[in-house]
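[1] below is the sequence, then the predicted model.
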Amino acid sequence: MAYTDSIKRKPVPRGIAHTGPVILAYGFRPFFLGAGLWAVLAMGLWVGALALGLPIGAGYGGPAWHAHEMLFGYSSAALAGFLLTAIPNWTGRLPVSGASLAALFLVWLAGRLALIAPSAIGVGWAIALDSAFLPLLFAICLREVAAGRKWRDLKVLAGVLALACANGGFHALVLIDAGTGLASRLAVSAYIMLIGIIGGRIVPSFTRNWLAKRHATSLPAPYGPFDTTALLGALAALSVWIVWPDRWETGVACLLAALLHAIRLTRWQGWQTGRERLVLVLHIAYAALPVGFTCVALVPLGLLGPASALHVFTIGAIGLMTLAIMTRATRGHTGLPLTASPLTVTSDGFLIAGALLRPVATLWSDHYMTLISASGLCWMIAFALYLVEYAPVLLARRKTRPD
C-alpha cells in the first residue's frame with residue numbers, strides 16, 4: 001500500500017475558520033447576507049416605483065431593472081452562496097474564502113450599485129461591471145470541479161454559463177431598446193433546470209435522512225431513469241418556451257413536463273415530512289415546478305397571462321427554493337439545529353403567500369396594483385425575517401460542531 005493511501009485524509013474544514021473575519025470564512029456567508037439584503041431593498045425600490053413613481057434604473061428602465069435585479073442580482077447571489085458551499089462537499093477541496101471570496105463578492109456588489117443609477121457612470125460601464133460577475137463565478141467553480149475531477153457536476157456549471165449568456169443577452173436587448181422576454185425566459189429556464197438537477201439531489205437526500213432517523217419504512221426513491229426522463233422533459237419544454245412562448249406545441253410540452261415532475265415529486269415521500277417544516281418547504285418549493293409548467297401551458301390558450309406564469313416560476317420555484325436552501329445551509333453550516341424555528345416558518349409562509357398573490361393580480365384586474373404591491377410586500381417581509389434571524393449568525397457565529 002502506498003504511503004499516501006495509509007494515511008487517513010483530513011476532512012475538509014467546512015466553514016470552520018479560526019482567523020480572519022467570520023463573514024469571509026465560507027461562500028454562503030457574504031452571498032446569503034447580500035442576497036437577503038438585496039431581496040428586500042430591490043423589491044422595496046420596485047414597489048416604491050410602482051406605487052409612488054420613484055425613479056429607479058435611470059438610463060436602463062424601471063421594468064427592465066426590476067426583472068434584471070431579481071434574476072441576475074438577488075438570484076445570482078443566492079446561487080453563488082450555494083455553489084461555493086456545495087462544491088467543496090462535492091470535490092473534497094478547501095472552500096473559496098478570505099481575500100478571494102471578498103473580491104468575488106465585491107464584483108457582485110459593484111454590479112448592484114452601478115445599475116441602481118447607471119446614468120451616473122454611463123449605462124455601458126454599468127453593464128460592463130454587472131456582466132463580470134457570472135463569468136467569474138463560472139470560472140472559479142469550473143476550476144474547483146476540474147481540480148476535484150467531479151466531471152458529472154459540469155451539468156450544474158452549464159446552468160451558470162447559460163445564466164451568464166442570458167445576462168449578456170438581457171443587457172444587449174436593453175441597449176437596442178427591445179423586449180427582454182427572450183433573455184428573461186432563458187434565465188428562468190436555467191434556474192428551473194438547476195432546481196431540477198440540484199433539487200433532485202438535496203430534496204430526496206434531506207428527506208431520506210430525516211425519515212431514516214425516525215425509522216420510517218417508506219423512503220424516497222433513489223435517482224433512476226425516470227428522474228433523467230423528467231429532466232430531459234423539462235429541458236425540451238423550456239427550450240421551446242424560450243423561443244415560442246405562445247405556441248400550442250409549447251403548451252403540450254409543458255404539460256408533459258408538469259406531469260413528469262409531479263410524479264417525480266411524489267416519489268420523494270414529501271407528505272411524511274409535515275412535522276419538520278425545514279424539509280417540507282423543500283417539497284413545496286419543488287412543487288412550483290409542475291405548477292409553473294402547467295401555468296405556462298395555459299398561456300397559449302389565453303387562460304393566463306405570460307407575466308403571471310413567469311412569476312409562478314420566479315417567486316414560487318426560484319424564490320422559495322433559494323430561501324429554503326439559504327435557511328437550511330445557514331443553520332447546518334453554523335451549528336444550529338436542523339429544525340425550522342417559528343420565525344423561519346413565518347418567513348416561508350409570507351413568501352408562499354407572495355407567490356400566490358402575484359398570479360392572482362392579473363386575473364383580478366380591478367385590484368391589480370394592490371395585489372402586486374401586496375405580493376412584493378410579502379416577498380420583502382419573508383427576506384427581512386430571514387435577515388432578522390440569520391444576519392447575526394452569518395456575521396459572527398463560528399461553526400461549533402461538525403457537519
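    Sure thing, it's come through. Quick caveat: nothing in here was measured; it's all calculated off a predicted structure.
[2] secondary structure element for A353?
    Using DSSP states H and E, A353 maps to helix 342-363.
[3] the closest residue to T330 other than its chain neighbours - how many residues pack around it?
    The spatial neighbour of T330 that comes closest, neighbours along the chain excluded (Cβ to Cβ, 6 or more residues apart in numbering), is Y390 at 4.9 Å. Using the backbone N, CA and C atoms, a C-beta is placed for each residue, glycine as well. Neighbour count for Y390, taken as other Cβ atoms under 10 Å: 24.
[4] does Y390 touch R328 like I think?
    No: counting by Cβ atoms under 8 Å, Y390 sits too far from R328 to count as a contact (10.9 Å).
[5] so L94, which of the three states?
    L94 carries the three-state label coil when classified by DSSP: H, G, I helix; E, B strand; the rest coil.
[6] now it: phi and psi?
    Torsion angles at L94 (phi, psi; degrees, to the nearest 10) stand at phi -70, psi 150.
[7] that one and L336: what is the separation?
    L94 sits 23 Å away from L336, going by Cβ to Cβ, to the nearest Å.
[8] repeat that for C254.
    39 Å.
[9] in terms of neighbours, single out the busier of these two.
    C254 (29 against 18).
[10] what's the neighbour count on T327?
    24.
[11] state the pLDDT value of it.
    The model reports T327 with a pLDDT of 98.
[12] that one and L278 touch, don't they?
    Yes: if you go by Cβ under 8 Å, T327 and L278 touch, sitting 7.0 Å apart.
[13] what residues are shared contacts of the two?
    A340, T344 (Cβ atoms under 8 Å, 6 or more residues apart in numbering).
[14] what's the domain layout of this structure?
    Listed by automatic domain parsing, the domain ranges of the chain are 20-177, 180-397.
[15] hmm, back to that, which SS class is the residue nearest to T330?
    Strictly by three-state DSSP, Y390 counts as helix.
[16] ok, it - contacts?
    Contacts of Y390 by Cβ under 8 Å, 6+ apart are F32, G36, M326, T327, T330.
[17] with M70 instead?
    Per Cβ under 8 Å, 6+ apart, neighbours of M70: A42, M43, T314.
[18] picking up where we left off before, buried ones in the helix holding A353, by neighbour count?
    By neighbour count with 16 or more other Cβ atoms under 10 Å, helix 342-363 contains the buried residues 344, 347-355, 357-359, 361-362.
[19] please name the nearest non-neighbouring residue to the residue nearest to the spatial centre of the chain.
    Central residue of the chain (Cα atoms, centre = their mean): T322, 4.0 Å from the mean position. Distances taken as Cβ to Cβ, 6+ apart place A78 nearest to T322, at 4.0 Å, with adjacent residues excluded.
[20] I'd like to know which elements the helix or strand where the one you found lies is packed against.
    Secondary structure from DSSP H and E places A78 in helix 75-91. Packed against helix 75-91 by the contact rule (3 or more Cβ pairs under 8 Å, 6 or more residues apart in numbering; DSSP states H and E) you find helix 28-52, helix 98-116, helix 133-147, helix 154-175, helix 181-213, helix 320-333.
[21] got the ones you listed as CSV, with distance to A258 columns?
    Converted to CSV, those look like this (distance: least, Cβ to Cβ, whole Å):
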stretch, distance to A258
helix 28-52, 27
helix 98-116, 33
helix 133-147, 29
helix 154-175, 20
helix 181-213, 12
helix 320-333, 17
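[22] closest one to W268 among these?
    Minimum separation from W268 across those (Cβ to Cβ) falls at helix 181-213, 4.6 Å.
[23] L219 in helix, strand or coil?
    Quick answer, by three-state DSSP: L219 is coil.
[24] same check, this time on the one 3 residues further on
    P222 carries the three-state label coil when classified by three-state DSSP.
[25] what's the local residue count around the nearest residue to it once chain neighbours are set aside?
    In space, and not counting its chain neighbours, P222 is closest to P204: 7.8 Å by Cβ to Cβ, 6+ apart. A count of neighbours around P204, defined by other Cβ under 10 Å, yields 25.
[26] which ones are touching P204?
    Contacts of P204 (Cβ under 8 Å, 6+ apart): P220, A221, P222, Y223, R267, W268.
[27] could you redo the last one with a cut-off of 10 Å?
    By Cβ atoms under 10 Å, 6 or more residues apart in numbering, P204 lies in contact with 219-223, 227, 264-265, 267-270, 282-283, 286.
[28] which of those lies closest to S131?
    Y286 (30.7 Å).
[29] just checking, the closest one touches V279?
    No: taking Cβ atoms under 10 Å as the definition, Y286 is not a contact partner of V279, at 11.5 Å.
[30] if you count what's nearby, which of those two comes out ahead?
    When Y286 and V279 are compared for neighbours, Y286 comes out ahead with 26 against 23, by other Cβ under 10 Å.
[31] and that one, which helix or strand is it part of?
    Y286 belongs to helix 277-298, assigned by DSSP H and E.
[32] show me what contacts the residue nearest to the centre of the chain?
    32, 35, 39, 74-75, 77-79, 81-82, 191, 195, 285, 351, 383.
[33] my guess is A234 meets F293, correct?
    Yes: between A234 and F293 a contact is recorded at 7.6 Å, counting by Cβ under 10 Å.
[34] give the residues shared as contacts by the two.
    I192, A253, C254, L256, A257, A258, L260, H261.
[35] buried ones from those residues, can you make that a PyMOL selection?
    Typed into PyMOL, the line below selects the buried ones among the shared contacts of A234 and F293, using 16+ other Cβ under 10 Å:
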select buried, resi 192+253+254+256+257+258+260+261
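[36] pLDDT added to the shared contacts of A234 and F293, as JSON lines?
    Output for the shared contacts of A234 and F293, formatted as JSON lines (pLDDT from 0 to 100):
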{"residue": "I192", "pLDDT": "98"}
{"residue": "A253", "pLDDT": "98"}
{"residue": "C254", "pLDDT": "98"}
{"residue": "L256", "pLDDT": "98"}
{"residue": "A257", "pLDDT": "98"}
{"residue": "A258", "pLDDT": "98"}
{"residue": "L260", "pLDDT": "98"}
{"residue": "H261", "pLDDT": "98"}
